[in-house]
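Asker: No letters, just coordinates:
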């Protein structure tokens, strides 16, 4: 668009060539969303004095200034993490320490610390093709701060941004469609306790996303919200909507520990309320009735009818026979056997002696 002597180039993707040119234009502003500047981009501008390049620009063609009378260009403004190369050598280049603007009711600021959304109220909604966010496709943005007071995350708000983690404050009540779509470096997300809805494809194609904490306040999650984020685990409260969503969409999930239980489920498996066996050191405690007998001498013998292995050896007698109880049968058997042996031997001797007479 041309406003007097100021030409503004808007859109998303490579900068085209179909825009007004001429001597009356003295300032060119390239909006964020433009990703590259091609050859002959500035040809025909004989009185151009100022050029502003956004942080989304990552490449400038070496012939970008071909056909341009650059003698009048006083300043090239660019965000310092943007590409600035040979085409502008010899010109006065100013690296901006920060850039800022408005998004809905809020303000955005991009500086050395990253991108900050601040204020009270809603963010603007965007479209990745026709009206992208001012900071869209800035892979250099690895840190995003959303201040308490912001009440929503707009559609396509952080589409394809290079952030690695995000904490959404309690003031936010909704996350828009495609809000974090295709954030390839995003690994973890914590959602505040006021969010009630998560839009469709909000966290889709976040291939490095492994953990997202969803509060029990969430009662709506849009279609394909985590589509393509194959490594993600939803951390949720037991019996919350997020658990149901995970089960229905075959997404791995785990319970948030403050519910009193912590369990991990496979995509198609509901976690159990508690381990089925007692544990010792994290492993099930298993006792083999044969190879690992009880060490307590007062323990009752294994009853074969209760699942134990029967044994052929007689059980040990009680330790104290003075207090009643049956007389053990083992000594009686042994004594009887010995008596029988003695009698037999005596009979044999008598027979021999009789034969000797």
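Answerer: Now that the structure is in, tell me what you want to look at. The structure displayed is predicted, hence computed values, not measured ones.

Asker: so what's the residue nearest to residue 240 when sequence neighbours are not counted up against?
Answerer: Take residue 240 and drop its neighbours on the chain: the residue closest to it by CB to CB, 6 or more residues apart in numbering is residue 216, 4.4 Å away. Glycine gets a C-beta too; all of them are placed from N, C-alpha and C. Going by CB atoms under 8 Å, 6 or more residues apart in numbering, residue 216 touches 236-237, 240-242.

Asker: Let's see the pLDDT reported for residue 216.
Answerer: Here the pLDDT value assigned to residue 216 is 96.

Asker: Could you do the one 5 residues further on as well?
Answerer: At residue 221, the model reports a pLDDT of 98.

Asker: Show me what it bridges to in the sheet.
Answerer: residue 198 (DSSP bridges).

Asker: Now do the same contact list for it.
Answerer: Residue 221 neighbours (CB under 8 Å, 6+ apart): 197-198, 241-242, 245.

Asker: Buried subset of these, written for ChimeraX?
Answerer: Buried residues among these (16 or more other CB atoms under 10 Å), as a ChimeraX selection:
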select :197,198,241,242,245
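
Asker: Identify, from the contacts of residue 221, the entry nearest to residue 16.
Answerer: Using CB to CB, residue 198 is the member of these that lies nearest residue 16, at 35.7 Å.

Asker: so what's the closest one up against?
Answerer: Counting by CB under 8 Å, 6+ apart, residue 198 has contacts 174-175, 191, 214, 218, 220-222, 225.

Asker: Show me the strands in the stretch 101-250 of the chain, by range?
Answerer: 106-111, 114-118, 144-146, 152-153, 165-168, 174-175, 188-191, 197-198, 211-213, 220-221, 233-236 (DSSP state E, counting those that start in this stretch).

Asker: out of those strands, deepest packed?
Answerer: When the strands of the stretch 101-250 of the chain are scored by mean count of other CB atoms under 10 Å, the highest mean neighbour count falls to strand 152-153 (a mean of 26).

Asker: and it, which strands flank it?
Answerer: Per DSSP bridges, strand 152-153 is paired in its sheet with strand 174-175 (parallel).

Asker: Would you mind pulling the contact partners of the partner strand?
Answerer: 151-153, 168, 191, 195-199, 202.

Asker: what stretches of the stretch 1-150 of the chain score poorly on pLDDT?
Answerer: Applying pLDDT under 70 to the stretch 1-150 of the chain picks out residues 70, 80-86, 89-90, 137-139.

Asker: can you do 50?
Answerer: Residue ranges of the stretch 1-150 of the chain with pLDDT under 50: none are present.

Asker: Let's have the contacts of residue 198 in CSV, adding distance to residue 95.
Answerer: What follows is the contacts of residue 198, written out as CSV (distance: CB to CB, whole Å):
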residue, distance to residue 95
174, 37
175, 34
191, 36
214, 40
218, 42
220, 44
221, 42
222, 40
225, 39
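
Asker: Closest one of the residues you listed to residue 60?
Answerer: Distances from residue 60 to the contacts of residue 198, taken by CB to CB, are shortest for residue 175, at 35.0 Å.

Asker: Show me the beta-bridge partners of the closest one.
Answerer: Following DSSP bridges, residue 175 is listed with bridge partners residue 153, residue 198.

Asker: What separation do you get for it and residue 156?
Answerer: 12 Å (CB to CB, to the nearest Å).

Asker: Now do the helices for this protein: every range, in order, please.
Answerer: 241-248, 329-356 (DSSP state H).

Asker: Could you tell me the least trusted of the ones you listed?
Answerer: helix 329-356 (a mean of 40).

Asker: so residue 19 makes contact with residue 11?
Answerer: No: in this structure residue 19 lies outside contact range of residue 11 using CB atoms under 8 Å: 10.3 Å.

Asker: Check the burial of residue 92 by counting its neighbours.
Answerer: Neighbour count of residue 92, defined by other CB atoms under 10 Å: 11.

Asker: Test my guess that it contacts residue 76.
Answerer: Yes: counting by CB under 8 Å, residue 76 is a contact partner of residue 92 at 7.0 Å.

Asker: which residues do those two both contact?
Answerer: Counting by CB under 8 Å, 6+ apart, nothing touches both residue 92 and residue 76.

Asker: how close does residue 112 sit to residue 187?
Answerer: With CB to CB as the criterion, residue 112 and residue 187 are 22 Å apart.

Asker: Please apply the same query to residue 233.
Answerer: Counting by CB to CB, the gap from residue 233 to residue 187 is 12 Å.
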